[in-house]
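S.K.: Need the 3D shape of this:
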Amino acid sequence: MAEPMYITGYSLRAPSSNDPKEFYANLSESKDMTTPTRRYPEGYLGLPPRSGTLPEIDKFDQDFFHFSTKQTEKMDVAIRLLLEVTHEALLDAQLPVESLRGSRTGVYVGHCFSDFLNRSTNDPSLTGYELVNGAHTMAANKISYFYDFKGPRYFVVTSVG
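M.R.: Just a heads-up that it's a prediction; the model follows:
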């Protein structure tokens with residue numbers, strides 16, 4: 001049996017930061033990375049008036065990940081971000097992606113809620129892509145499929161409070 005391989009790379013998306021170095025610099029300088037909340041009306045469900053928001057979440061290289069425009073438009077942004085940070089973490093680990101194709105690499109994803117899925121499935125013009133591309137349970141599958149990983153795929157529903 002082959003020796004297990006451990007990935008030691010990382011990537012992240014963080015509020016008001018374009019990359020891990022900028023995030024670290026912002027933390028080191030005690031910079032306030034929150035902005036006024038625009039997503040919900042003030043006082044909605046007792047949420048604070050400021051929150052951390054990610055820059056440029058509308059940027060996604062659908063051609064690189066082999067998704068059509070229809071698929072991409074109906075895909076939860078969280079899943080797009082997971083695909084991106086997975087790739088960046090593999091690059092950071094200096095692992096040739098091609099060497100992992102077909103390997104018994106497992107994908108484990110934890111996620112909590114989705115405003116995206118709730119909104120998209122209430123849209124009267126459903127296309128069918130909403131359920132497949134918006135369901136968080138598909139996040140691990142999309143990563144495994146893109147990289148041709150043959151290990152386990154596991155999705156854990158996490159929660160807050």
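S.K.: pLDDT weak spots in this structure?
M.R.: Filtered on pLDDT under 70, the chain yields the residue ranges 1, 5-7, 113-124, 126-135, 160-161.
S.K.: From the contact counts, what lies against the longest helix along the chain?
M.R.: Criterion DSSP state H: the longest helix present in the chain is helix 77-92. Applying 3 or more C-beta pairs under 8 Å, 6 or more residues apart in numbering; DSSP states H and E, one finds that helix 77-92 contacts helix 97-100, strand 107-111, helix 138-147. The way it works is simple: take the backbone N, C-alpha and C, and place the C-beta from them, glycine included.
S.K.: can you rerun that using 7 Å?
M.R.: Judged by 3 or more C-beta pairs under 7 Å, 6 or more residues apart in numbering; DSSP states H and E, the packing partners of helix 77-92 are helix 138-147.
S.K.: now what about the helix or strand just after the helix it packs on, what contacts it?
M.R.: Using DSSP states H and E, the helix or strand that follows helix 138-147 in sequence is strand 153-157. Outside strand 153-157, the residues within contact range by C-beta atoms under 7 Å, 6 or more residues apart in numbering are 107-110, 112, 136-137, 139-141, 144.
S.K.: before we move on, the earlier item: run the angle between the longest helix of the chain and helix 138-147 for me.
M.R.: Interaxial angle, helix 77-92 versus helix 138-147 (axes from the mean of the first three to the mean of the last three C-alpha atoms, to 10 degrees): 40 degrees.
S.K.: got the buried residues for helix 77-92?
M.R.: By neighbour count with 16 or more other C-beta atoms under 10 Å, helix 77-92 contains the buried residues 78-90.
S.K.: With that, I have no additional questions.
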